[in-house]
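**Q** compute the structure for the input listed below.
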Amino acid sequence: MRKLKIKDIIMVALLTAVYLVFYLISGMSSMVFGAFGHAISPGVCGLLGGCVLYFMSRKIGKFGQFTILTAIIMLVFSLMGAGYLPWLITSMIAAVIADFIASKDNKVGVWKVAVASGIMHVGQAWGAIVPSWFFVESYKKEWIERGQTPEDMEAMAAMTQGIMGVLATVVVFALAFAGVYLGYLILRKHFKEN
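**A** Okay, here's the model as predicted:
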């Protein structure tokens, strides 16, 4: 595997800044759909930001690119007071898996980048889904103490527990997968791909 150099890390950081713009837009636009919108917002980000991930896979294509992007995102949200250990764990594990799938070089198949994006964004979504499945009461308590209303946390738990959590997972994966293909359609002439 090719190793990241300083210039690659700087490029990942710059692309993460662009990706964060899509992240914030998707988060705000998803709120229109209430708690389920929040649950699938990482997928909406994947749909909008697939272009960035596709570009990064072609421009850098080295192991660690998705992990560094995710670590920067986690750092930014932690600095804003929105850090949450289960979200950090699920996001980072998924990012490492994404790197194993699609970061061997800059010529991996588009479908591999799409699968990697799907997994990476599911990891972000699981930051709310996994707590709802396995420790919902402490999850609700934590966020109520941070200022969420009990009603909002009940709605969030309802939209991420059981079958709704499975549905959110599938929707997030599908949106993020599609986002990379959208990025491919937009950028294929730039990279002269068929």
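
**Q** quick check, central residue of the chain?
**A** In the chain, the centroid-proximal residue (Cα atoms, centre = their mean) is His121; its distance is 3.1 Å.

**Q** surely that residue and Ala178 touch.
**A** No - assessed by Cβ atoms under 8 Å, His121 is found out of contact with Ala178, at 11.0 Å. Every C-beta, even on glycine, is put in place using the N, C-alpha and C of the backbone.

**Q** chain center to stretch 151-169: distance?
**A** 18 Å (Cα atoms, centre = their mean, to the nearest Å).

**Q** mind listing what's buried along it?
**A** In terms of neighbour count (16 or more other Cβ atoms under 10 Å), stretch 151-169 has its buried residues at 152-153, 156-157, 159-161, 164-165, 168-169.

**Q** go through those and flag which are in strands.
**A** Judged by DSSP state E, the buried residues of stretch 151-169 include no members of strands.

**Q** same list, those, but as JSON lines with distance to Gly64 please.
**A** Output for the buried residues of stretch 151-169, formatted as JSON lines (distance: Cβ to Cβ, whole Å):
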{"residue": "Asp152", "distance to Gly64": "36"}
{"residue": "Met153", "distance to Gly64": "35"}
{"residue": "Met156", "distance to Gly64": "32"}
{"residue": "Ala157", "distance to Gly64": "34"}
{"residue": "Met159", "distance to Gly64": "33"}
{"residue": "Thr160", "distance to Gly64": "30"}
{"residue": "Gln161", "distance to Gly64": "34"}
{"residue": "Met164", "distance to Gly64": "34"}
{"residue": "Gly165", "distance to Gly64": "29"}
{"residue": "Ala168", "distance to Gly64": "28"}
{"residue": "Thr169", "distance to Gly64": "25"}
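
**Q** and the furthest pair within those residues?
**A** Spanning the widest gap among the buried residues of stretch 151-169 are Asp152 and Thr169, at 21.0 Å by Cβ to Cβ.
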